[in-house]
Each structure stands twice: as C-alpha cells, then as structure tokens.
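Asks: Just the structure for this:
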Amino acid sequence: EEEEEEEWSSSRSLSSTEEDSPDSSVVSDRYVVVSGTPEKILEHLLSDLRLDESQGPPSKETETLLDDFLLTYLVFMSTSDLCQALLGHYCSKRYRGKEEGKEALYRKRKVLHLVSQWTALYRDFLREEEHVKLFIKTLYRYVLDDLYEYPSLEKDLKEFQKLLRMHRRHTVDEYSPHRKNKALFHQFSLKENWLQPRGTYNEAKEVFCHVYITRDSYLSVKTRVSVSAQELLRAVADKIECTEEEMVLVAVTFPGEKRILQPHDSVYSESLTITGRLVVCRKDLSEIMNPFTDNEEVQPRAVRMLSMNTWDVAVTLTNFDWSLFNCVHEQELIYYTFSRQAGGQNTAGLELLLQRCNEVQLWVMTEVLLCSQLGKRVQLLKKFIKIAAHCRAQRNLNSFFAIIMGLNTAAVSRLGQTWEKVPGKFKKLFSELELLTDPSLNHKAYRDTFKKMKPPKIPFMPLLLKDITFIHEGNKTFLDNLVNFEKLHMIADTVRLIRHCQTDQIGTDGTQKDNQDVKSYVQHLHVIDNQQTLFELSHRLEPRA
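Replies: Numbers count the residues shown, from 1 in each chain. As a prediction, the model looks like this:
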C-alpha cells in the first residue's frame, strides 16, 4: 500500500448533498487527478471508463480526464510507451484475485475504446509512427484470437475495422511474443489515409513558398511541396504580369552559388526543404525587377488596392485564413511547445497560420510604404482600418491583429503628415480597434471580446501559444517523480480552445461573387521582408525633420 501511495495522488471531493446525507450508501466519491505515474493514470482512466448505459453515463470528470490524457500524454511518456502499456492492459493477467470472464471482456473493450479515441484524435500524427502500425496490427491479432472465447468482441472489432479501414494480409508481427511461428497468425496491411507511405502524404502537404522578385521582396505562393519549377514559375509570372518564357527560377545558396532550376525539377527536396533562396530572374540572370526603392513600376500598385471593396478583401482574407486554421490540429500546439523538433510535419498547419499572420503584417507595411502620393497613402490607411474592422466583424482575429500591428509598426506610424490627413472618424475607429490589441492586464480586452464571439472564429494564435508556454514554464511537469496532472489539465484546457473555435464552418459571403482579382491579390501577397528597406522607404516618403 505504501508503494501505491507513491505512485498515485488524487484529491477527493464530496458535494454538499453527499456530505449531509446520513446514508453512506449514497455517498459517491469524486476524484480529481492531481498527480501519478503514467501507468497509474492510465489504469485509473481505464477503470473509470463507462461503456454501457446500464452502468450509468460517463461522468464529465472522466470524459475530461480522458481528453486531458490523450491531448497531453506526449509531455510525460512516449507513444511507444503508451502502445506497450495499452497492450499490457489488454492482455493483463495480474488483476487482484481471479478475474471473471465478464470483467476480462469489459477490460478488453475499454482498451479498444481508448485506442479508438486516441487514433481518431491523432490520426494525422500517427501516420509516420512505425511502432504504432505494429501496435495496431498486434492488438488486432489479439482481438481476433479472443473472438472464440469472447464472441461479443465482434461488435468492437467491427468498429475498430471501420475506424481504421483495415485489410487483412499476412505480414510479420514484430510485437507478438509468438512471432517465431508467423504462419499461425492472421495479419493485415493498413491502407487507411493516416498510415499512407511517407511520399504520398508529403506530396499533398502545402507550404508557403517565397519566390524573391527583388533582393528585398518576395511573392508568397501557397502550393504543394511536390510543385515543379515550371508550375511555380507560371504562378509567379501570372502575378507579376510577365511572360513565363522570359524568366527562369534560380536557387541561390548561402555561399552565393546560383543554380538554374529546369522546368521539371522539384523545388523541394525529400526533406521538404528548399536548396536555397528562390529567385526569379530574366534568362540572362539579370533581375526581373529593380529594387523597390528605385523602381517606378510599382507606383500603380496602390491604385489596384484602392479600387477593391474593403468587405470583399476582408472576406477573402478570412476565407483564406480559415482554410489554414481549420487544418490546425490541437496536438500541433503541444508539439510546437514541447517538441524540440518544431518545424517538422507535426506542426505544419500551425506554422502556416503563424507565417500568414506575419506576411499580412508585412503586406500592410509594403502597400503603404510603396505609395508615394500622399493623398493615395491616406486612402490606403483608411482602407486598411476598414478592412481590420471587417475582419473583427467576421471573427477573424488573426488578420485583424496582423493589420493593426502592421499599421502600428515604427516605419508606418512615424508618417505624421499622412496620419494627420486621416479623417477624425477613421482615427477614432482605429483607436477603438487598437484597444483590442492592448497587452495590459494580460490582453484582457482581447480575451473578453473573443470569449463573447460565437464560433466559428479564428483566434490570434501567437497569444494562445504564449499562454501554453507560460503554463509550461511556470509549472513543473513532475512533482516527486509523479506526473503533475494539474499542469497538463491547464494545458489541455487551453488547447481545447482550438476545438471550440472550429465548431461549424466559416462560409463564403453569399453576396460576394467570386472576384478573381481580389482572390489572386490576397492569396499571393507581395511583401518586402527587409526591415532596413522598409525604413528607407518610410524616410523617403517623409524625411526626418
């Protein structure tokens, strides 16, 4: 019993009704997990699971604990350890006293239920886990072997098959203790999407590809990692209104070497990286466009933006952001915060959204600072203020924050002559919008406003990541060698906000016709990412007095 106490810690609470009841038989203990070893927490989870209505509905505490565990188990145990522990519970013979057949059946069903919940939640992330494939194969074989003794497992088996869409085949079972006698056991191959071979999955993955058209600026193109040089060049040519035939795509390595990519060359390597900075040049390798600071061709850019309807621009921004946000999984925030391998495929969706936020901010700065005419620059500021307000109305706080931050950067906010000519009602609206980005009292203004918004909605993701990091760094993961589950519950609670925000779908505005010009403009942002160049442009517009 002393060993049990070392492995498990929980807090016991009774409702006031239960405390006042003289009849001890109606007293129901409700435990909230505080800490424990990974094995004990898993054992507690399985013991609390309710599968049949006859045993009563599962308590909210149990459902929350299960969700907390599945969302955060990677913080305190490896996936391989979880696989071994689940197999151990399915095949366990170490229960106190003699376990009755009905109890053994129920224990096995609970394990299958937990595995189904886990694989449904982590489907995209288990795709590359070889030991997970082996675990599923082994568990499937064990269930097949148990069907004779427990015929009622057939229903669970069918649900298991439906979830994973399994096809039986003879393969080697690495986990099985009886693997020497391979011919005795039915195995199967997993042909379900989340267990596709690496190549198939990676080819469908999307990225923001930065194609530099001057030394200081790039065109952001959302594309598949399987994109060829010719396909990428065609997209760029269409955007900058040049003919594809007069251009080539060049990979410039950090030592300065240039390699011309042939039409059918893959832009990305097998490791999903680009061999160098991608630059579009004329065929004689001269620059396709002059640096922005000396380029008269860019002056008409502002006119194009000013001709667009601000609501249409905001709707297109929101639809694009939603397509990114809706692909972000809750687990990506855990991987991003706790994994040392941030930047891998496990955080791909999240990193696209973060990158988009940064690009929208740069886009606002670029558009304003490339507009040399004071009157049109004032019109641009008014446009962006209205677009930000529309984004807030459409519950897109990602682009909302990016636009406000872009207008508040030093290079733009220092343009006193320009801001002075912005009408008072727009200045007032901008001040109101700024209040939402006020960081005081832990971003209280933003949090209160966002909480009142109904889903679907897009949060400001950097702040959500900051919250998780704050919880992580402010609380120990282990206390006296036991998992601090209170910390993990706080993290899971924060991560669940993603699930809440993704409830329902953001639909395209019914009044907006498919404006290809606005769509192309917003989806392929042309930005300057060199801060020195941006400041140089700012000082050219309004020199320091």
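Asks: check contacts around the nearest residue to W311 once chain neighbours are set aside.
Replies: Nearest residue to W311, sequence neighbours excluded (C-beta to C-beta, 6 or more residues apart in numbering): H390, at 5.5 Å. For glycine as for every other residue, the C-beta is placed from the backbone atoms N, C-alpha and C. Residues in contact with H390 (C-beta atoms under 8 Å, 6 or more residues apart in numbering) are T310, W311, V313, A314, V315.
Asks: rerun at 10 Å
Replies: Counting by C-beta atoms under 10 Å, 6 or more residues apart in numbering, H390 touches 309-315, 317-318, 396, 399-400, 403.
Asks: next one: Y122
Replies: L70, L71, Y73, L74, T79, E129, V132, W194, H329, E330, Q331.
Asks: Is it part of a helix or strand, or is it coil?
Replies: Here Y122 is recorded as helix under DSSP: H, G, I helix; E, B strand; the rest coil.
Asks: Quick check: S217 touching D529?
Replies: Yes - in this structure, S217 is within contact of D529 by C-beta atoms under 10 Å, at 6.9 Å.
Asks: Which of the two has more residues huddled nearby?
Replies: Of the pair S217 and D529, S217 is the one with more neighbours under other C-beta atoms under 10 Å, namely 23 against 17.
Asks: Which is the succeeding secondary structure element to the helix or strand hosting L46?
Replies: Using DSSP states H and E, L46 falls within helix 38-48. For helix 38-48, the following helix or strand on the C-terminal side (DSSP H and E) is helix 60-76.
Asks: which residues are in contact with both of S217 and D529?
Replies: Here S217 and D529 have H210, L362, T366 as joint contacts, going by C-beta under 10 Å, 6+ apart.
Asks: on that earlier part again, in a markdown table, list the contacts of H390 along with neighbour count and pLDDT.
Replies: A markdown table is the format used below for the contacts of H390 (neighbours: other C-beta atoms under 10 Å; pLDDT from 0 to 100):
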| residue | neighbour count | pLDDT |
| --- | --- | --- |
| N309 | 15 | 95 |
| T310 | 17 | 96 |
| W311 | 17 | 96 |
| D312 | 20 | 95 |
| V313 | 23 | 96 |
| A314 | 26 | 96 |
| V315 | 24 | 95 |
| L317 | 27 | 96 |
| T318 | 25 | 96 |
| N396 | 28 | 97 |
| S399 | 29 | 97 |
| F400 | 29 | 98 |
| I403 | 25 | 98 |
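Asks: Closest one of these to L121?
Replies: N396 (26.2 Å; C-beta to C-beta).
Asks: hmm, back to that, looking at neighbours, which among the shared contacts of S217 and D529 is most surrounded?
Replies: The residue in the shared contacts of S217 and D529 with the most neighbours, by other C-beta under 10 Å, is T366 (25 neighbours).
Asks: Let me see the confidence value for it.
Replies: T366 is assigned 94 on the pLDDT scale.
Asks: what's the neighbour count on L134?
Replies: Here the number of neighbours of L134 (other C-beta under 10 Å) works out to 18.
Asks: ok, so what distance separates it from Q161?
Replies: According to C-beta to C-beta, to the nearest Å, L134 and Q161 sit 18 Å apart.
Asks: hang on, the earlier thing: tell me which two of the contacts of H390 sit farthest apart.
Replies: Greatest spacing in these, by C-beta to C-beta: N309 and F400 (17.9 Å).
Asks: Quick check: A251 is in a helix.
Replies: No - with three-state DSSP as the criterion, A251 is located in strand rather than a helix.
Asks: Can you name the residues that contact C501?
Replies: By C-beta under 10 Å, 6+ apart, the contact list for C501 reads 325-326, 328, 395, 397, 450, 453, 455-459, 464.
Asks: Equivalent analysis for L374, please.
Replies: Here L374 is in contact with L415, Q417, T418, K421, L541, E542 (criterion: C-beta under 10 Å, 6+ apart).
Asks: switch the cut-off to 8 Å
Replies: Counted by C-beta under 8 Å, 6+ apart, L374 has contacts Q417, T418, K421.
Asks: ok, the first one touching P543?
Replies: Pointing back at Q417 there. No - taking contacts as C-beta atoms under 8 Å, Q417 lies outside contact range of P543: 10.5 Å.
Asks: So between those two, which is more surrounded?
Replies: Q417 (11 against 7).
Asks: What separation do you get for that one and R377?
Replies: Q417 is 9 Å from R377, by C-beta to C-beta.
Asks: what do you get for D517?
Replies: 22 Å.
Asks: Burial check on Q355, number of neighbours?
Replies: When neighbours are counted by other C-beta under 10 Å, Q355 registers 15.
Asks: actually A402, not the one I wrote
Replies: A count of nearby residues for A402, using other C-beta under 10 Å, gives 25.
Asks: tell me what the host helix or strand of it is packed against?
Replies: Assessed by DSSP H and E, A402 sits inside helix 397-408. Counting contacts by 3 or more C-beta pairs under 8 Å, 6 or more residues apart in numbering; DSSP states H and E, helix 397-408 packs against helix 310-325, helix 348-369, helix 374-393, helix 424-436.
Asks: May I see those organised as CSV, with distance to L51 added?
Replies: What follows is the helices and strands packed on helix 397-408, written out as CSV (distance: least, C-beta to C-beta, whole Å):
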stretch, distance to L51
helix 310-325, 34
helix 348-369, 33
helix 374-393, 45
helix 424-436, 46
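Asks: So for L233, which of those sits nearest?
Replies: Proximity to L233, assessed across those by C-beta to C-beta, is greatest for helix 348-369 (20.6 Å).
Asks: tell me the angle of that closest one relative to helix 397-408?
Replies: Angle of helix 348-369 versus helix 397-408, following axes from the mean of the first three to the mean of the last three C-alpha atoms, to 10 degrees, is 30 degrees.
Asks: Report the buried residues of helix 348-369.
Replies: The neighbour-count check on helix 348-369 (16 or more other C-beta atoms under 10 Å) flags 348-354, 356-369 as buried.
Asks: do stretch 37-47 as well
Replies: By 16+ other C-beta under 10 Å, the buried positions in stretch 37-47 come out as T37, P38, K40, I41, L42, E43, H44, L45, L46.
Asks: So which of those residues is the closest to A411?
Replies: Nearest to A411 among the buried residues of stretch 37-47 is P38, at 50.3 Å by C-beta to C-beta.
Asks: That closest one against A85, yeah?
Replies: Yes - using C-beta under 8 Å, P38 is in contact with A85, at 7.3 Å.
Asks: Would you mind identifying the next helix or strand past the strand or helix carrying V211?
Replies: Using DSSP H and E, V211 falls within strand 206-212. Remark: after strand 206-212, the chain's next helix or strand is strand 217-224, criterion DSSP H and E.
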